[in-house]
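Visitor: I need the structure of the sequence given here:
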Amino acid sequence: MQGAGLSSDERGMLEITRRFGEEIVAPVAAELDSRPDPADCFSWEIVERADAAGIRTATLTKEHGGVGIDSLTTAMVIEELGKFDLGVSVVLAQTLKIAQTLQAAATPDQRDRFLPDYAADPRGLLAIAITEPDRSSDYIIPYADGDYRTRAVPTDGGWVINGQKHFISNGNRARLYLLFAQTEPGKGLAEGSTCFLVEPSAPGFSIGRVHDKMGERLANNAELFFEDCFVPDENILGEVGKGFDVLARFFPASNAYAAASVLGVAQAAYSRALEWTRNRYQGGSYLLEKDSVAQVLSRMRMKIDAAQAYIHRAAWMSDNRQLGWDPKMGALPKVFASEVAWEVVTSTLELHGGYGYMRDTGVEKLVRDAAAFLHSDGANASLLLKAARFIRQDAPVPVRGHPDR
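Guide: The predicted structure is shown next:
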């Protein structure tokens, strides 16, 4: 399926991404992952080489300095990156999707102020700041009384923001942040929050610790602090009190992109499992010749292909919502892909036997990486409840008394 119906520019971007992964990411990923300080696992050289290859700015239109790839091609690029390292895929996936959002949601003035500098900076990364220490899944399945602890209060010419975010991908590396803060007290975060464009130089904005993660270590996640941080009115993205509209209208492919990142890990694990079983001779035959092993590999391939088809459909539909976009596709592809990835990496671990437990085979890194997306970009349990809300809306329970009464 990959490459079908794509333009020559889009097919070229996939080939460029594959070569970038093989030549730039693969040789250094294991060493970077092993560094004890989580901040040191990040590589500016990888980002700069991604810029030189045109990957970092690929979702920008040609007018803004990119090649204007669509959401389906973006998902394919993100999956390709994930085959070589999940963290690198996340660093660039966050940037690619936020660049898409800025082009679509920003005012002409905001585009003129932010996009040229982003496009020209070979280290230009982007971040979105939603999650808070005690407000994580609340934005996925918002409830009436739940609001952001990060508050924005109007002042002359802008807003004063106080609060904290954490687990923010690219949090210590971005040149621009999409920050969600509560602007209407007494309302839930879905009705009373606003999205602000915040630069690292904003007074009162500081970066806290880089989280020490089990896997996905080549991406830095960090704390953000806002202490009387001033943001001007002209840096509001969308409308005051309608921050969630930005997510609903301009982030439809976000879930598909997260799914693509972790599916890349599953692809890498499957490749290792296939190579191992083709060459491991045990019990009088190569492992691949044993029917029980071949069945495991078949199941892996089947589920990977199914997850990829789901992701591709969700990504394509996000650009063609007038043809019947289903909002459940904004929740379920990542759940399915992460569950598939977890099954594939643990099966790969089992097929390697004791060797899989050794770091030098690379399997344990894939296990650690895959574990991240059972929770990242929305915990799976929360995303299932999000999808369930749409199911209940489509098929409401009849309004009547108890059926036995």
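
Visitor: wait, isn't residue 345 in contact with residue 264?
Guide: No - if you go by C-beta atoms under 8 Å, residue 345 and residue 264 don't touch, sitting 11.7 Å apart. (Each C-beta comes from the backbone N, C-alpha and C, glycine too.)

Visitor: Give me the most central residue, this structure.
Guide: residue 258 (3.7 Å; C-alpha atoms, centre = their mean).

Visitor: Would you confirm that that one contacts residue 334?
Guide: Yes - using C-beta under 8 Å as the test, residue 258 is close enough to residue 334 to be in contact (4.6 Å).

Visitor: Between the two, which contacts overlap?
Guide: 373, 377-378 (C-beta atoms under 8 Å, 6 or more residues apart in numbering).

Visitor: any chance of these in a markdown table, plus neighbour count?
Guide: Shown next, in a markdown table, are the shared contacts of residue 258 and residue 334 (neighbours: other C-beta atoms under 10 Å):
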| residue | neighbour count |
| --- | --- |
| 373 | 28 |
| 377 | 22 |
| 378 | 25 |
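
Visitor: quick check, nearest of the residues you listed to residue 118?
Guide: Nearest to residue 118 among the shared contacts of residue 258 and residue 334 is residue 377, at 22.2 Å by C-beta to C-beta.

Visitor: Could you check how far the residue nearest to that closest one when sequence neighbours are not counted is from residue 293?
Guide: Of all residues not flanking residue 377 in the chain, residue 258 sits nearest, at 3.7 Å (C-beta to C-beta, 6 or more residues apart in numbering). Distance of residue 258 to residue 293, computed by C-beta to C-beta, to the nearest Å: 31 Å.

Visitor: just residue 241 next, same as before
Guide: 57 Å.

Visitor: do residue 187 as well
Guide: Look at residue 187 and residue 293: by C-beta to C-beta, they are 56 Å apart.

Visitor: can you tell me which helix or strand the residue nearest to residue 377 belongs to?
Guide: Assigned by DSSP states H and E, residue 258 belongs to helix 254-279.

Visitor: quick one: buried residues of that helix?
Guide: 254-270, 272-274, 276-277 (16 or more other C-beta atoms under 10 Å).

Visitor: quick one: least confident helix or strand in this structure?
Guide: When each helix and strand of the chain is scored by mean pLDDT, DSSP states H and E, helix 189-192 comes last, with a mean of 83.

Visitor: pull the CA atoms of it into CSV?
Guide: The C-alpha coordinates for helix 189-192 follow below in CSV (Å, rounded to 0.1, in the frame of the first residue of the first chain):
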residue,chain,number,x,y,z
LEU,A,189,-11.4,22.8,30.1
ALA,A,190,-13.3,21.8,27.0
GLU,A,191,-15.4,25.0,27.1
GLY,A,192,-13.2,27.5,28.9
